[in-house]
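S.K.: Mind folding the following:
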Amino acid sequence: MNQNQGPQTSDSKDDDDATLSEFLASLMDYTPTIPDELVEHYLAKSGFQCPDVRLIRLVAVATQKFVSEVATDALQHCKARQSSVVKDKRDKQQKERRLVLTMEDLSRALKEVRKFPFHIC
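M.R.: Residues are numbered from 1 along each chain as shown. As a prediction, the model looks like this:
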């Protein structure tokens with residue numbers, strides 16, 4: 001509960017419940033990049049069993065978002081590294097604008113993830 005706002009009204013709670021229900025229903029029509037079977041496998045491996053496909057897809061979507069954010073951060077590290085490495089070879093760099101993602105870039109992106117604790121609200 002936010003300290004600046006009063007307690008949540010029942011209308012607001014009903015709106016939140018309706019929004020959540022709509023979102024969960026939309027997951028039935030969505031095919032995430034990560035297959036349901038793969039998510040189910042890793043959830044089962046960690047001891048979690050759930051017959052609800054909507055929850056499996058919610059985990060898949062959250063995982064997809066996490067991987068996407070790490071990849072985006074790694075790309076930013078890659079761009080920064082390559083722009084700082086080749087300053088005197090500007091002509092050659094202009095012609096070869098290919099980015100090469102390295103383990104160093106990925107490691108830096110993953111280190112940033114560890115700095116921020118995950119909160120489930």
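
S.K.: Toward the C-terminus, what is the element adjacent to the lowest-mean-pLDDT helix or strand in the chain?
M.R.: Using mean pLDDT, DSSP states H and E, the weakest-scoring helix or strand in the chain turns out to be helix 90-95, at a mean of 54. Once the chain leaves helix 90-95, the next helix or strand it forms, by DSSP states H and E, is helix 103-115.

S.K.: in that next one, what counts as buried?
M.R.: Buried residues in helix 103-115, counted by 16 or more other Cβ atoms under 10 Å: 105-106, 108-109. For every residue, glycine as well, the C-beta is placed using N, CA and C.

S.K.: Export these to CSV and append columns for distance to Val61 and pLDDT.
M.R.: Formatted as CSV, the buried residues of helix 103-115 follow (distance: Cβ to Cβ, whole Å; pLDDT from 0 to 100):
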residue, distance to Val61, pLDDT
Asp105, 25, 92
Leu106, 22, 92
Arg108, 25, 91
Ala109, 20, 91
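
S.K.: so which of those comes closest to Glu40?
M.R.: Minimum distance to Glu40 across the buried residues of helix 103-115 is 26.6 Å, recorded for Leu106 (Cβ to Cβ).

S.K.: For the closest one, which non-adjacent residue is closest in space?
M.R.: Nearest residue to Leu106 in three dimensions, chain neighbours excluded: Ala74, at 4.7 Å (Cβ to Cβ, 6 or more residues apart in numbering).
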